[in-house]
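> coordinates only, sequence not included:
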């Protein structure tokens, strides 16, 4: 019988790809959605890559409610906790992000432990590794964001505090065979959408670039992530004995400027794409009254360089090239606009 994995947030961009990767690797998937009305759309998205046969079922879970978590864990050996609130716009109250991110993570861990789950793999982010977000830095698995620093967005705080709470939970276990945790930390995630939903931050940005609705790009460089790589490392982390207790940066080997992404598109026939750089002062000024610009403050004018050597070594993995990621993303969006 296939090993069963509870995948929270299966209807999301990363969740869709994690489901495909799990099914390809012979796991049985129980996917959580906030509302079972999303079930058909998820099945349709997954079917584009693989026929789940009898290895896919659904349950209804809410990050802010206890109801259903214990039942969702029944028969599951592993958990991929991917679900987390994410919108590009800075909320009026940062707890709109922080509360569900932290409480949802703890709900997942508590229910998993109670049920005897072996290992949880948590989706975090490089935004939990930015230190004070006040200068260009090199980032590795020991780096942590200072949530009290002034440039830190509500989203970055939510990911940092959720991940911190997960490690605290794991480190406070006293049993002989404690539940295990691995954490995946992607950068900005691009790559083809399976659901056709272009609402997410990365898809929205690409769509605007292709349509010529982004007259300037921010001066900022960071390692980029392909959603297919992110899904692959989530699944490989489930049973790799060397992955236990570790954080994995899953990105390109070096940082890329947003201008470089724009140039790749431009040189491949996407003529409406602008490669003009937005002046830093302008973006900072716009951030005073535009909540989307405000969420970018930690990145403006900086380079964040993530060290992926331990991810490569642990999983014998090579990231997808940024050119392939950019062009596959564009192709995937093109058919929808």
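Looks like it came in fine. Remember, predicted model here, so these are calculated numbers, not experimental data.

> Do a quick rundown of the strands in the stretch 201-337 of the chain.
Under the criterion DSSP state E, counting those that start in this stretch, the stretch 201-337 of the chain carries strands at the ranges 217-218, 221-222, 225-226, 247-250, 256-257, 277-278, 303-306.

> Quick one: closest of these to residue 51.
Proximity to residue 51, assessed across these by Cβ to Cβ, is greatest for strand 225-226 (23.6 Å). (C-beta placed from N, C-alpha, C; glycine too.)

> which residues sit against that closest one?
If you take Cβ atoms under 8 Å, 6 or more residues apart in numbering as the criterion, strand 225-226 is touched by 186-191, 250-252, 319-320, 324-325.

> Let's have those in TSV, adding neighbour count.
Output for the contacts of strand 225-226, formatted as TSV (neighbours: other Cβ atoms under 10 Å):
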residue	neighbour count
186	26
187	24
188	20
189	26
190	25
191	25
250	27
251	30
252	20
319	22
320	18
324	14
325	25
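
> so which of these comes closest to residue 153?
residue 188 (13.2 Å).

> Contacts only, for the closest one.
Residue 188 neighbours (Cβ under 8 Å, 6+ apart): 201-202, 222, 224-225.

> Now list the buried members of the residues you listed.
201-202, 222, 224-225 (16 or more other Cβ atoms under 10 Å).

> Quick one: these as JSON lines, columns for pLDDT and distance to residue 301 too.
Output for the buried ones among the contacts of residue 188, formatted as JSON lines (pLDDT from 0 to 100; distance: Cβ to Cβ, whole Å):
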{"residue": "201", "pLDDT": "74", "distance to residue 301": "19"}
{"residue": "202", "pLDDT": "79", "distance to residue 301": "20"}
{"residue": "222", "pLDDT": "95", "distance to residue 301": "12"}
{"residue": "224", "pLDDT": "96", "distance to residue 301": "18"}
{"residue": "225", "pLDDT": "97", "distance to residue 301": "21"}
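
> Strands along the stretch 1-150 of the chain, start to end?
Using DSSP E, counting those that start in this stretch, strands in the stretch 1-150 of the chain cover 4-8, 28-33, 56-60, 78-81, 119-123, 137-139.
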